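1. A predicted structure for the sequence below; I have some questions about it.
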Amino acid sequence: MSKRTLDIEVLRYDPEQDTEPHFMSYQVPCEEDWAILDALNYIKEELDTTLAFRWSCHMMVCGSCGMMVNGEPVLTCKTFVRDLPKDVRIEPLENFPIERDLVVVLDDVMEKLQMAKPYIIRKDPPPENEEFNQPRSALYKFKQYTMCVNCMCCYSACPQYALDSSFIGPAVLALAHRYNIDSRDQGKSERLDILADHDGVWNCSFVGACSEVCPKNVDPAAALQQMKIDGAKAYWLQKLPGGKS
Amino acid sequence: MAIAKKSVVWGVFAAGGTVAAFLFPALIALFGLVASGTVPEGLEYANLHGFASTWIGKIILFFVISLALWHAAHRLRVVFHDFGVRKDKIVAKAVYLVAAIGTLLTAYYLFAIG
Ligand code: FES
């Protein structure tokens, strides 16, 4: 197999030593079938052991290797050397504070994840001693939203999150929607009370960048628009006599 | 926390967006023809006047025009936000006021058509 040498610029930042982030360049002899993550591992093993970045599975399931590659938020294990030009620039995910080098601080999203109540909420007890049957059609409604691996590429792409980080944001809202439309769940109104509030769905202006960059082909933008409809409906239902205030 | 009032303006925005997306390209093309002097059959003044004289015509026109106004107002509000204007309350009041006045005027003029 032929090798191809890439000139890779990597953003470096060590908060204990650097006053601000800077770029360092590496020449990396890549195999044709490498992903950019392999190139990063080559740098770490052969050229510069101080480089920090996150990864785990190398197969698009853990969601930890999200970074900006030539300005696009991507999973680096899914971004192949053969699809890139000779000059490659790797930066940490945009819109998040840098912890070190390519590692970002995800605390904000982790906190927001709790707000989505991403689990099945039941008001009635579940069926006793039997399976909770769900028709296939009901599963297909939400299945795509279960594919999210929390890589947070969508937060890097979202112009509204960039402007105002109090916005709950695409992945978390899409995850909440996944439970809202699950036929076994009864927690929709509980979630809407939080997520259709000011910092929730309404801050989305339907740019759709989240859905474009999603490496797992989830469509968070669609989830958000559907949730806006649910929120608008719920608002009026609450106004009806007998609706909760 | 509770569901924000924003859901109300978003509701009319979405309805207006749907109306605008489906009807406006056709309307712009048709009335573009009218403005350039080629009046397509059925769009003569007398016909349109007749349409606006019926109740059903008035109701349709009212919803098409006013919903489009609310759509435009909310879209403008978002555009201001995107351009970094951080005076959302004032912007919202201004754009919705224009939409509200437009809605009232639409109702008034439609009503006035005999
Ligand atoms: S390393 Fe797990 S998703 Fe890329």
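-> Thanks, I have it. Residues are numbered from 1 along each chain as shown, chains lettered A, B, ... in the order given.

2. so which bits of chain A are right by chain B?
-> By the rule C-beta under 8 Å from any C-beta of the partner chain, the part of chain A lying against chain B is A:159, A:163, A:192-194, A:196-198, A:200, A:202, A:205, A:228-229, A:231-232, A:234-235, A:238, A:245. From N, CA and C alone the C-beta is placed, and that goes for glycine too.

3. how confident is the prediction for residue 11, by pLDDT?
-> In the absence of a named chain, this looks at chain A. pLDDT, A:L11: 98.

4. my bad, the chain I had in mind was chain B
-> Looking at B:G11, its pLDDT is 89.

5. same question for the one 10 residues further on.
-> Residue-level confidence at B:A21 comes out at 93, pLDDT.

6. and it, how many neighbours does it have?
-> For B:A21, the count of nearby residues is 10 (other C-beta atoms under 10 Å in any protein chain shown).

7. is it within a helix or a strand, and which one?
-> Using DSSP states H and E, B:A21 falls within helix B:6-35.

8. that helix and chain A in contact?
-> Yes - judged by C-beta under 8 Å from any C-beta, helix B:6-35 and chain A are in contact via B:6-8, B:10-11, B:14.

9. what residues sit buried inside whichever helix or strand comes after that helix?
-> From helix B:6-35 onward toward the C-terminus, using DSSP H and E, the following helix or strand is helix B:45-53. Residues B:F51 are the ones in helix B:45-53 that count as buried (16 or more other C-beta atoms under 10 Å in any protein chain shown).

10. how about A:N70, nearest residue that isn't a chain neighbour?
-> A:R89 (5.6 Å; C-beta to C-beta, 6 or more residues apart in numbering or on different chains).

11. contacting residues for the one you found?
-> A:8-11, A:23, A:68-71 (C-beta atoms under 8 Å, 6 or more residues apart in numbering or on different chains).

12. I'd like to know which of the residues you listed are buried.
-> A:8-11, A:68-69.

13. hang on, A:M67 in a helix?
-> No - counting by DSSP: H, G, I helix; E, B strand; the rest coil, A:M67 falls outside a helix, being strand.

14. what strand or helix carries the residue nearest to the spatial centre of chain B?
-> With distances taken as C-alpha atoms, centre = their mean, B:A68 lies nearest the centre of chain B, 2.4 Å away. Per DSSP H and E: B:A68 is located in helix B:55-82.

15. likewise for A:F23?
-> A:F23 is part of strand A:22-31, with elements assigned from DSSP H and E.

16. which other residues reach the helix or strand that that strand is followed by?
-> Using DSSP H and E, the helix or strand that follows strand A:22-31 in sequence is helix A:36-42. Identification of contacts with helix A:36-42 by C-beta under 8 Å, 6+ apart yields A:6, A:8, A:10, A:28-31, A:51, A:53, A:55, A:58, A:65, A:69, A:74, A:76-77, A:79-81, A:84, A:88, A:90, A:102.
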